[in-house]
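Asks: Predicted model and sequence follow; I will ask about them next.
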Amino acid sequence: MRAFVGGRVRDVAEGRRVAFAVVEAVSGGAIGMTGLHSWGSPDGRIELGGTWFGRSWWRTAANTETKLLVLGHAFDALGFGTVVWRIDVGNVRSQQAIGRIGARLEGCTPGGLLRADGTRRDVLVYTMDRADWPAARTRLVERLSAGRRGPAGG
């Protein structure tokens with residue numbers, strides 16, 4: 001974990017990533033992190049990734065609220081036209097959660113990312129465009145208002 005966080009801190013310092021700590025309001029304790037990276041392409045895309053939560057926070061409102069805030073930052077504050085997720089083909093839980101908030105599966109990139117152990121992994125690419133954001137925002141706000149546990153619907 002120290003190497004993972006250290007890498008994220010370096011990426012931020014070198015201007016390659018905007019990182020967000022996810023902090024539980026009552027305790028003030030860190031429960032996860034997420035970030036935006038890989039911007040600068042001429043097509044107005046930014047990637048949302050490097051997201052993780054402690055296991056006890058999976059499928060909770062914390063993830064829903066985090067997605068709402070980070071997507072709002074990407075689309076509304078920063079003005080990007082498309083948010084991209086790259087998800088390991090084996091991470092079905094994340095694929096389902098991202099699909100439920102309105103992201104579309106665009107395709108698979110075989111061997112698209114390098115794991116820490118040096119092996120390659122196949123990556124599914126999901127996107128959400130600016131035109132999709134208002135409906136996605138409404139879904140996320142409704143989930144939070146209804147007390148649902150998170151993007152997975154609890």
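Replies: Now that the structure is in, tell me what you want to look at.

Asks: Secondary structure element holding residue 83?
Replies: Residue 83 is part of strand 82-88 when elements are defined by DSSP states H and E.

Asks: hmm, who's touching that strand?
Replies: 38, 43-49, 71, 74-75, 94-95, 98, 103, 109, 112-113, 121-130 (CB atoms under 8 Å, 6 or more residues apart in numbering). Where you see a C-beta, it was placed from the backbone N, CA and C, and this is true even at glycine.

Asks: That one pairs with which strands?
Replies: Applying DSSP bridges, strand 82-88 is found paired with strand 45-53 (parallel), strand 120-129 (antiparallel).

Asks: Send me the first one as PDB with only the CA atoms.
Replies: As requested, C-alpha coordinates have been extracted for strand 45-53 and formatted as PDB (Å, rounded to 0.1, in the frame of the first residue of the first chain):
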ATOM      1  CA  ARG A  45     -11.200  12.900 -22.400                       C
ATOM      2  CA  ILE A  46     -10.100  12.300 -18.800                       C
ATOM      3  CA  GLU A  47      -9.800   9.000 -17.000                       C
ATOM      4  CA  LEU A  48     -11.300   8.200 -13.600                       C
ATOM      5  CA  GLY A  49      -9.300   5.500 -11.900                       C
ATOM      6  CA  GLY A  50      -7.100   4.300  -9.100                       C
ATOM      7  CA  THR A  51     -10.200   4.000  -7.100                       C
ATOM      8  CA  TRP A  52     -10.300   1.800  -4.000                       C
ATOM      9  CA  PHE A  53     -12.300   1.600  -0.800                       C
END
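
Asks: for that strand, which positions count as buried?
Replies: Buried positions in strand 45-53, judged by neighbour count with 16 or more other CB atoms under 10 Å: 45, 46, 47, 48, 49, 50, 51, 53.

Asks: Confidence-wise, which of these comes last?
Replies: By pLDDT, residue 50 ranks lowest within those, coming in at 85.

Asks: Relative to residue 36, how far out is that residue?
Replies: For residue 50, the distance to residue 36 equals 9 Å [CB to CB, to the nearest Å].
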